[in-house]
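Enquirer: here's my sequence, what's the structure:
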Amino acid sequence: MSEEQKQPGLDEAFIRMHRIISRGLEVCRGRGAEFLKSGFPDERLRQGYLDFTRCLSTILTAHHMAEDDVAFPFLREHRVQAPYGRLSANHLRIKQLLEKVNSSLPAGEGKNSGDGLKEVLPALDGIWEIWNPHIQSEETCFTGEAVAALINSSDQANLYDAMGKHASANSNPPELVLPFVLYNLSPSERKGMAATMPKPVLDMLEKDWKPR
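Expert: Presented below is the predicted three-dimensional model:
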């Protein structure tokens, strides 16, 4: 495996996913406020906003499931110190708010179909308020140094793979979710992440995502 294709450390993997989700939340909140005020200019943009917001919900849910089911039990077993109970309680509250987002997304067509945003935006704001201190806590606890002191590189790689497989199994449809992940990264981070993906996956993105 080349240096460019080298897996990130566990701490880097957390930070990368946090950046993806943070930007997704910023876009959903910012554009949603515009659409609530002025309506959707056309059906294509309305559908794009719905797809983007649903991808955010899917990615955020899958990320937290991978943490609760895979990462946190492993890290606790290896005595990496963190407020696991509070972090998982944050996950539950965010899940409840995402359910509100998903049930309130505008269902009709046309520029005047944005009434559901009156419910979506407060829920997104609630997630944002939890999200920032939540990720700060994780990134403070799960530093490269703290993890490396207790878990060797081979076990870290195995955990990284297990988390990725768990999250992928709960992230559909891939032709929308994978581009969401890649294109909410900076160009340099996107290049590095794409380099770890199999060519058939990248070909699928080119074939199936662009028409969507």
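Enquirer: switch to C-alpha atoms for all contacts and neighbour counts from now on
Expert: Fine.
Enquirer: measure how buried V27 is and give me the count.
Expert: By other C-alpha atoms under 10 Å, the residues close to V27 number 17.
Enquirer: cool, I135 as well?
Expert: I135 has 17 nearby residues by other C-alpha under 10 Å.
Enquirer: check the secondary structure at T196 for me.
Expert: Recorded secondary structure, T196: coil (DSSP: H, G, I helix; E, B strand; the rest coil).
Enquirer: may I have the phi/psi pair for it?
Expert: Main-chain dihedrals, T196, degrees, to the nearest 10: phi -90, psi -10.
Enquirer: next SSE downstream of whichever helix in the chain runs longest?
Expert: The longest helix of the chain (DSSP state H) is helix 10-38. Counting by DSSP states H and E, the next helix or strand C-terminal to helix 10-38 is helix 43-66.
Enquirer: tell me what angle that following helix forms with helix 10-38.
Expert: Orientation check (axes from the mean of the first three to the mean of the last three C-alpha atoms, to 10 degrees): helix 43-66 against helix 10-38 gives 150 degrees.
Enquirer: hmm, back to that, report the distance from the longest helix of the chain to the chain centre.
Expert: 8 Å (C-alpha atoms, centre = their mean, to the nearest Å).
Enquirer: and it, average pLDDT?
Expert: Taken as a whole, helix 10-38 has a mean pLDDT of 94.
Enquirer: next one: stretch 130-149
Expert: So the average pLDDT for stretch 130-149 ends up being 96.
Enquirer: contact partners of that stretch?
Expert: Outside stretch 130-149, the residues within contact range by C-alpha atoms under 8 Å, 6 or more residues apart in numbering are 9-12, 14-15, 18, 80-82, 87, 90, 94.
Enquirer: ok, stretch 74-85 next?
Expert: F72, E138, C141, F142, A146, V147, L150, I151, L159.
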